[in-house]
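Peer 1: mind folding the following:
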Amino acid sequence: MPLEPESDAPVSEQPSRYLELIERLKKAGASEAAAVDYDKHGMDVDVVVTPQALHDVARLLKSEHFALEAGLGVDRQPELEVLYLFKPYGAGPRVKLRVRTDRDSATLPTLSNVFGGTDWYEREINDMFGITFTDHPHPRPLILPHYTNFHPLRKDFHGAPIVVPDDTVEIPEVDVQEAMKRGQAEGRRDDFFLNLGPQHPSTHGVLRILLHVEGETVLGGRCHLGYSHRGTEKLAEKKQYVQFLPYTDRMDYLSPLNYNWGYAKLLERAAGVESTPRAEAIRLIMAELGRVASHLVWLGTYLLDLGAITPFLYCFEDREQILTFFERVSGQRMMTSYIVFGGVRNDVYPEFVKEISEFVKFERKRLLEYETLVIENEIFLMRTQGVGKISKEQALEFGVGGPVLRGSGIAYDARKDEPYCDLYNELDWKVESDARGDCFARSHVRMNEIVQSLNLIEQALSKLEEGPVRAKVPRIFKVAEGEYYSVTEGPRGVIGWYLVADGSSNPYRLKVRVPSYANLQVVEQLIPGTRVADVISILGSLDVVIPEIDR
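Peer 2: Numbers count the residues shown, from 1 in each chain. Below you'll find the model as predicted:
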């Protein structure tokens, strides 16, 4: 697999719009910087830096308003490599920043003092690859227990028993101890620590947030992950490309079709295959139905968190109709594995267009009720307006996505800015955004997105031209050696698939950039100074899915 930038073309032949950026990156200290064929690889600029130049190059990207999208590790054998992926929200190139370290003394400088959002990515890389990030503000395990002595995503790891020492106690929280000392110095005697989760209905899964509180005021808190870690990325290395498809359904059980689509687009990009026009229309309809269903779950459960019971029942009644459509199309209500490499698994049933059209009309009327009875409700407004504000700067710093990003006034949507389906360019719709940045803004964006999804579905139904629903694909599928990236826009934000292929029928390394990961990380910045009840409101407004975080 390539260890050098993926474009051998001289700078004079590289895309002119990136020449200036490439030159600035080199002046900032990049060892190598070259343009990459986006259509083939899904990236625009590949940058190699030394550990010593990492900060300077990252600061340049930050000054150019690039947002952190993800961080990942790769076992290059014998070296280990860390990749940081960046994208400006709007027009601009996708940039990957690569830095390597020796396997035996795996140490790199942390990037968290430039982009705060690298905090969790670096801690995960430390868990999975054993790379230590010097001067990291929270150098403790994120996903694995602190007593594990192995690194699962290294290539020489083939399984090991987890031995729990008899005298195991939880590692003391560095920030907790500092908070206690600070409280004593300031004369506070009423502060204490409160576990929110992992067994709490409002954490929507096995998430634990350790809160430092004084009375009802939250002084700070830390998220604890990994309670449902399933090792999906390691499993991908042991499965053939086609065998891995069912795993994509289960990463986000509320949006399985969007994950199917993203993985299928990754393989199609790597193989140079295009799905058929009819398949593209079906994909869009099914994915947007999935988006509506996901937003309905968010609305019902969010209101349940805030104390309203009845809307939950109405939202799930609407969602049941969508799941029935999925069942009639694919045979499964949730884990459909319906969008596949080259198209969709099978054609839709004869009454599909008629039934979906009727549902669109029904749901539009229902949304008017939700708007009047819920979104304009005085209690809902009091619980959401001015609570949990995320600034544009924080959104870029932590790489949040979806309604969380658009609720901070940044109208970026991969469906519009990097359309992975031509119909998104052809149909009449708009990207919803709200500059207020609070819980209400994020709620407002999601409600409006349901309207836009219904518009897309209705228009796409008229584009269902006759024809095959799957392109011809090889029976034995192998991906040419190289690196590929593909993004789709899920209900929670950008879903990114980064593939390192070695020419075999199995991925050498498959990294999934899940939107809930970045969206949840920012909660630690939002909760200091709020009330305990506001933490529930903030967390619900982010609409995170914990199993996709733990993967």
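Peer 1: all helices for the stretch 401-550 of the chain, in order.
Peer 2: 402-406, 414-417, 423-426, 439-461, 515-521, 523-526, 532-542, 546-550 (DSSP state H, counting those that start in this stretch).
Peer 1: who's in contact with the fifth one?
Peer 2: Under the criterion Cβ atoms under 8 Å, 6 or more residues apart in numbering, residues 68, 70, 117, 119-120, 207, 223, 252, 398-402, 404, 490, 492-495, 542-546, 548-549 lie in contact with helix 515-521. Every residue, glycine included, has its C-beta placed from N, CA and C.
Peer 1: and Y424, how close does it get to Y89?
Peer 2: 17 Å (Cβ to Cβ, to the nearest Å).
Peer 1: repeat for Q394
Peer 2: In terms of Cβ to Cβ, Q394 sits 13 Å off from Y89.
Peer 1: give me the contact list for the strand or helix carrying I322.
Peer 2: Here I322 sits within helix 310-330, counting by DSSP states H and E. Residues outside helix 310-330 that contact it (Cβ under 8 Å, 6+ apart): 257, 286, 289-290, 292-293, 296-297, 299-301, 303-304, 332-334, 336-338, 345-346, 348-349, 352, 355-356, 359, 362-363, 366, 369-370, 373-374.
Peer 1: redo that, cut-off 7 Å
Peer 2: Helix 310-330 is contacted by residues 289, 292-293, 296-297, 299-301, 303-304, 332-334, 336, 338, 345, 348-349, 355-356, 359, 363, 366, 374 when judged by Cβ atoms under 7 Å, 6 or more residues apart in numbering.
Peer 1: which positions in that helix come out as buried?
Peer 2: Buried residues in helix 310-330, counted by 16 or more other Cβ atoms under 10 Å: 311-312, 314-315, 318-319, 321-323, 325-326, 329-330.
Peer 1: what about Q394 and Y89, which has more around it?
Peer 2: Between Q394 and Y89, counted using other Cβ atoms under 10 Å, the more crowded position is Y89 (21 against 17).
Peer 1: gap between the closest residue to that one other than its chain neighbours and V47?
Peer 2: Nearest residue to Y89, sequence neighbours excluded (Cβ to Cβ, 6 or more residues apart in numbering): Y412, at 3.8 Å. Relative to V47, Y412 is positioned 22 Å away (Cβ to Cβ).
Peer 1: with E237 instead?
Peer 2: According to Cβ to Cβ, E237 and V47 sit 26 Å apart.
Peer 1: quick revisit: between Y412 and V47, which one's more packed in?
Peer 2: Between Y412 and V47, V47 has the larger neighbour count (other Cβ under 10 Å), namely 26 against 22.
Peer 1: could you list the low-confidence segments of the protein?
Peer 2: Scanning the chain for pLDDT under 70 picks out the ranges 1-17, 169-180, 182-183, 187-189.
Peer 1: centre-most residue in it?
Peer 2: P515 (1.8 Å; Cα atoms, centre = their mean).
Peer 1: residues in contact with the closest residue to that one other than its chain neighbours?
Peer 2: Closest residue to P515 apart from its sequence neighbours, by Cβ to Cβ, 6+ apart: G493 at 3.1 Å. Neighbouring residues of G493 by Cβ under 7 Å, 6+ apart: 400-402, 404-405, 515, 519.
Peer 1: give me the three-state assignment for the closest residue to P528 other than its chain neighbours.
Peer 2: Excluding its sequence neighbours, the residue lying closest to P528 (Cβ to Cβ, 6+ apart) is G220, at 5.0 Å. Of the three states, G220 takes strand under DSSP: H, G, I helix; E, B strand; the rest coil.
Peer 1: for beta bridges, what are the partners of G220?
Peer 2: H212 (DSSP bridges).
Peer 1: touching, it and H212? I think so.
Peer 2: Yes. Counting by Cβ atoms under 7 Å, G220 does reach H212; the two are 4.7 Å apart.
Peer 1: neighbour-wise, which of these two wins?
Peer 2: H212 (24 against 18).
Peer 1: just to check, the more buried one is in contact with G221?
Peer 2: Yes. Between H212 and G221 there is a contact under Cβ under 7 Å: 6.2 Å.
Peer 1: give me the neighbour count for H200.
Peer 2: 16.
Peer 1: so what does it have for phi and psi?
Peer 2: phi -140, psi 130 (degrees, to the nearest 10).
Peer 1: ditto for R436
Peer 2: Per degrees, to the nearest 10, the backbone of R436 is at phi -70, psi -30.
Peer 1: just P88 next, same as before
Peer 2: According to degrees, to the nearest 10, P88 has phi -70, psi 140.
Peer 1: number of nearby residues for it?
Peer 2: 17.
Peer 1: test my guess that it contacts S63.
Peer 2: No. Contact criterion Cβ under 7 Å: P88 and S63 do not qualify, at 11.3 Å.
Peer 1: need the residues touching each of the two.
Peer 2: If you check P88 and S63 against Cβ under 7 Å, 6+ apart, no residue is contacted by both.
Peer 1: helices and strands around the helix or strand containing L266, which ones?
Peer 2: Secondary structure from DSSP H and E places L266 in helix 256-271. Here helix 256-271 touches helix 245-249, helix 277-305, strand 339-340, strand 482-490, strand 493-501, going by 3 or more Cβ pairs under 7 Å, 6 or more residues apart in numbering; DSSP states H and E.
Peer 1: hmm, who's touching that helix?
Peer 2: 42, 241, 245, 248-249, 251-252, 274-275, 283, 286-287, 290, 334-342, 420, 479-480, 484, 486, 488, 490, 495, 497, 499, 501.
Peer 1: which of these count as buried?
Peer 2: Among the contacts of helix 256-271, those classed as buried by 16+ other Cβ under 10 Å are 42, 241, 245, 248-249, 251-252, 275, 283, 286-287, 290, 334-342, 420, 479, 484, 486, 488, 490, 495, 497, 499, 501.
Peer 1: show me where the stretch 51-200 of the chain has strands.
Peer 2: Counting by DSSP state E, counting those that start in this stretch, one finds strands in the stretch 51-200 of the chain at the ranges 66-75, 80-88, 95-101, 107-109, 132-134, 191-196.
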